[in-house]
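*Asks:* Dropping the sequence and predicted coords here.
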Amino acid sequence: MKQRGEKIAAVTAYDAPSGRLADLAGVDWVLVGDSAAMTLFGSDTTASATMDEMLLLTRAVVRGVRHAFVVADMPFGSYQVSDGDAVENAIRFVKEAGADAVKLEGGGTSIRRADAIVAAGIPVVGHLGLTPQSATMLGGFKVQGHTADQAQRIYQDALALEQSGCCAIVLEAVPTVVARQITDSIRIPTIGIGAGASCDGQILVWHDMLGLTEGHVARFVKRYAELGEAIRSALATYVAEVRTSQFPEPRHTYTMTTLERERFELHQARLKQTLVRLTD
């Protein structure tokens, strides 16, 4: 798609229904993001996501997807310690969860980890710029690469990740000019999130783009729906109808044939007579 100049549409997903809907909508990439720690599990950071959680979510998404490329985020701690740990955990995502590729964050040692995982026969996606797992070290969830030195470091890391065998790179919260230089300099696709329109593709978090996230969202988020308000309104209507006995209506209930109802009522009448005799 990069060679043909076709933009790549990507989105996060965390379960089979969302994977199925993304797939039906024509999404090219589905990322099972460790952002689930925040969007699903209520954490303040992505670093709390565990291997067990990410494997469970990835398996669910894979069951819903038929055509899209499924990428699984390797959670914090699953690849930082050693090449061996990184390869072993990456294999689990492919073998146990059915992922097409894994994603890891940062440059530095992550470049060596990517090289080791690729050597094991598993596609790897890199992630540069704002890397949420190490956001504390970066001073919080802030734009990265806004100084010449930072931009040059991100650029060099991108070249190194391509050299390690990565099949794509996510660029998050970096200036457009930096993303453009990287995109034009490497052969593999760049997937932007807050990195401008020059990237080969774009990705957004499911809950952010559909209006399921409460409070502040990043500048780069575009709301394509307000499902949070729609869900709240639907639930409020349900509560009101239950309390006023408007729900369920006859069309939501099940019936018996007249013969079977009469037999059941006769059985109940006999049972009551028996209980009365026993009581007397």
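*Replies:* Cool, got the structure.

*Asks:* For Leu227, see how far away Gly211 is.
*Replies:* If you measure Gly211 against Leu227 using C-beta to C-beta, to the nearest Å, the figure is 5 Å. Quick note: C-beta positions are derived from backbone N, CA and C, even for glycine.

*Asks:* oh, I was asking about Glu96
*Replies:* According to C-beta to C-beta, Glu96 and Leu227 sit 31 Å apart.

*Asks:* And those two? Which one has more around it.
*Replies:* Per other C-beta atoms under 10 Å, whichever of Glu96 and Leu227 has more neighbours is Leu227, with 16 against 13.

*Asks:* Any stretches of the stretch 1-150 of the chain with poor pLDDT?
*Replies:* 135-141 (pLDDT under 70).

*Asks:* And the helices in it, which stretches?
*Replies:* Using DSSP state H, counting those that start in this stretch, the helices assigned to the stretch 1-150 of the chain run over residues 16-24, 36-39, 51-64, 83-95, 109-119, 148-164.

*Asks:* If it's not too much trouble, I'd like those helices exported to JSON lines so that distance to Ile8 sit alongside each entry.
*Replies:* Written out in JSON lines, the entries for those read as follows (distance: least, C-beta to C-beta, whole Å):
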{"stretch": "helix 16-24", "distance to Ile8": "13"}
{"stretch": "helix 36-39", "distance to Ile8": "22"}
{"stretch": "helix 51-64", "distance to Ile8": "18"}
{"stretch": "helix 83-95", "distance to Ile8": "21"}
{"stretch": "helix 109-119", "distance to Ile8": "20"}
{"stretch": "helix 148-164", "distance to Ile8": "16"}
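
*Asks:* mind checking which of those is nearest Phe264?
*Replies:* Proximity of those to Phe264 was assessed by C-beta to C-beta; the nearest stretch is helix 16-24, lying at 38.4 Å.

*Asks:* Name the residues of the closest one that are buried.
*Replies:* Judged by neighbour count (16 or more other C-beta atoms under 10 Å), helix 16-24 contains these buried residues: Ala16, Ser18, Gly19, Arg20, Ala22, Asp23.
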